[in-house]
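Participant: Prediction below, plus the sequence it came from.
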Amino acid sequence: MAETNQYKYMKRQKIVSAVLAITALMFGLAGPITVLAAGPASVNLGAASNFAVLSKSGISTTGATLVTGDIGVSPINATAITGFGLTVDSSNVFAKSALVVGKIFAADYAAPTPANMTTAISDMQTVYTDAAGRTNPTATELGAGNIGGMTLAPGLYKWGTGLAIPTDVTLSGSANDIWIFQVGQNLNLSPAKQIILAGGAKASNIFWVVAGQTTIGTTAVFNGTILGQTAIVLNTGAVLNGRALAQTAVTLDANTVATPSHNIVVPDPVLVPVTSTIPATTTIPATPAVPAIPATPTSATNTSTVSATPATPATPVTPTTPVIQTTINQTEEFPTTPHKFQEQEMSQNSIGQQVGAIARNLGQGHRNDNVKTLQQFLISQNIGSASKNLTRVGATSYFGPLTRASLAEFQAKVGISPAWGNFGPITRAYLKANFN
């Protein structure tokens, strides 16, 4: 009888463990045993990698959405992009929007946009076929279609039916590792839950290949590129660090969408701890051939979702913590070491004057001293959960989702409308009038 995929995986892990143990004995290795970075071959998005949101039949939004990266539709025209308040450039090659840090393209814009969009859509469909057709999965039907609470190593995972994520799931691996998830029906991430990245894992190396509809729940945080054969829906306040590439429509509602690094080519293998390459599922028993190796936290990101060391602060985790996890790996909005905040010693009035004097508009993706000043001001306000989350990371000079959420919280508190989390003339005028 042919071996099952799960049995093959277990057998392979035992062989790897045995080889590692023998190597350690032969060479007297001290410290953690290491193995090469894991996962299947990467996925080449082609021209589709230029887009944060790409759709064949339309992109719509309501509320204070902010997309960092280009968006586009084809073969349908620009009328299928709704809720963005498009302003077409004088060249008629692209449009702009206050909700998009990037450009907006449609099939009916001037050359070379129609040809470029045809290529992007074609590449999107080609890469879907490629990723959906990958064989020799690491596991099939894992969790019977429910992976909530699991920690998954790099690999190829396949489900013939739908996939539910009702609680947080962790993807643990190095910066070079690849994850591909093949979902035969719908994919659902429950409200306020998150795809957590640990050990240096990158959203740019994670691919969700979904035959049905993908739904990201209210305020949930999703990491990776979604290759959807049908619709992709982000409910109110959901965050996507990755790309929404849909062969039908994409629906947004007060969301934050940001493309990860475009560097999705796997470089030369690197050494990573062996503990990050074995999925922590209940169906794969621990191999006794290798002694247990204590996991060493690689950054502050793991303190709320991965087993913590005794040194971990005991501060309760708030529901907005998923946004913190999101910014760690993608926006560099999280410091590598703890620090005290200089801004706590600054006068709120003084810092308010400095922010009001900023002459340029600021939005997600900007990185400069003006952003740092804005962050210092928002931290000094200490209004609510968003500013507290920003306080945890400090003034990093990068305008990411945490900064935007904190600014939107301040705007809503003082009555600035719309409270979109962008720094522009209305917010500037308020600060000049109220901090002097």
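Facilitator: On my side now, so go ahead.
Participant: So which residue is smack in the middle of this protein?
Facilitator: By C-alpha atoms, centre = their mean, the chain has its centre lying nearest to N241, at 2.5 Å.
Participant: What residues are bridge-paired with it?
Facilitator: Here N241 sits in beta bridges with N223, A258, going by DSSP bridges.
Participant: The stretch 51-200 of the chain: helices as residue ranges?
Facilitator: Applying DSSP state H, counting those that start in this stretch to the stretch 51-200 of the chain gives helices spanning 113-132.
Participant: which intervals of it have sub-threshold pLDDT?
Facilitator: Nowhere does the stretch 51-200 of the chain drop to pLDDT under 70.
Participant: rerun that using 90 as the cut-off
Facilitator: Under the criterion pLDDT under 90, the flagged ranges of the stretch 51-200 of the chain are 63-64.
Participant: sec struct for T230, please.
Facilitator: Assigned by DSSP: H, G, I helix; E, B strand; the rest coil, the conformation of T230 is coil.
Participant: and the protein, what are its domains?
Facilitator: 46-131+142-258, 331-434 (automatic domain parsing).
Participant: Adding distance to P40, write those domains out as a markdown table.
Facilitator: Every C-beta, even on glycine, is put in place using the N, C-alpha and C of the backbone. As requested, these are arranged in a markdown table below (distance: least, C-beta to C-beta, whole Å):
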| stretch | distance to P40 |
| --- | --- |
| domain 46-131+142-258 | 5 |
| domain 331-434 | 26 |
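Participant: Please identify the most buried of those.
Facilitator: Greatest average neighbour count among those goes to domain 46-131+142-258 (a mean of 21), per mean count of other C-beta atoms under 10 Å.
Participant: where's that one relative to the chain centroid, distance-wise?
Facilitator: 10 Å (C-alpha atoms, centre = their mean, to the nearest Å).
Participant: Please apply the same query to stretch 409-418.
Facilitator: Counting by C-alpha atoms, centre = their mean, stretch 409-418 is centred 26 Å from the centre of its parent chain.
Participant: Alpha carbons of it, as PDB, please.
Facilitator: The C-alpha trace of stretch 409-418 is given here as PDB (Å, rounded to 0.1, in the frame of the first residue of the first chain):
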ATOM      1  CA  GLU A 409      -7.400  57.500  16.900                       C
ATOM      2  CA  PHE A 410      -6.200  61.100  17.700                       C
ATOM      3  CA  GLN A 411      -8.200  62.500  14.800                       C
ATOM      4  CA  ALA A 412     -11.400  60.800  16.000                       C
ATOM      5  CA  LYS A 413     -10.800  61.900  19.600                       C
ATOM      6  CA  VAL A 414     -10.500  65.600  18.700                       C
ATOM      7  CA  GLY A 415     -13.200  65.600  16.000                       C
ATOM      8  CA  ILE A 416     -11.100  65.800  12.800                       C
ATOM      9  CA  SER A 417     -13.000  64.300   9.900                       C
ATOM     10  CA  PRO A 418     -12.400  62.100   8.100                       C
END
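Participant: So which residues lie in contact with it, not counting its own?
Facilitator: 64, 378, 381, 383-387, 419-421, 426-427, 430, 434 (C-beta atoms under 8 Å, 6 or more residues apart in numbering).
Participant: what's the average pLDDT for it?
Facilitator: Stretch 409-418 shows a mean pLDDT of 84.
Participant: For the residue lying closest to T87 once chain neighbours are set aside, give its distance to S387.
Facilitator: Leaving aside its sequence neighbours, T87 sits nearest to K96 (C-beta to C-beta, 6 or more residues apart in numbering; 5.1 Å). With distances taken as C-beta to C-beta, to the nearest Å, K96 is found 30 Å from S387.
Participant: can you give me the end-to-end distance of stretch 160-168?
Facilitator: Using C-alpha to C-alpha, to the nearest Å, the end-to-end distance of stretch 160-168 comes out at 22 Å.
Participant: Go through the contacts of stretch 409-418 and flag the one the model is least confident about.
Facilitator: Pick the lowest pLDDT in those and you get W420, at 72.
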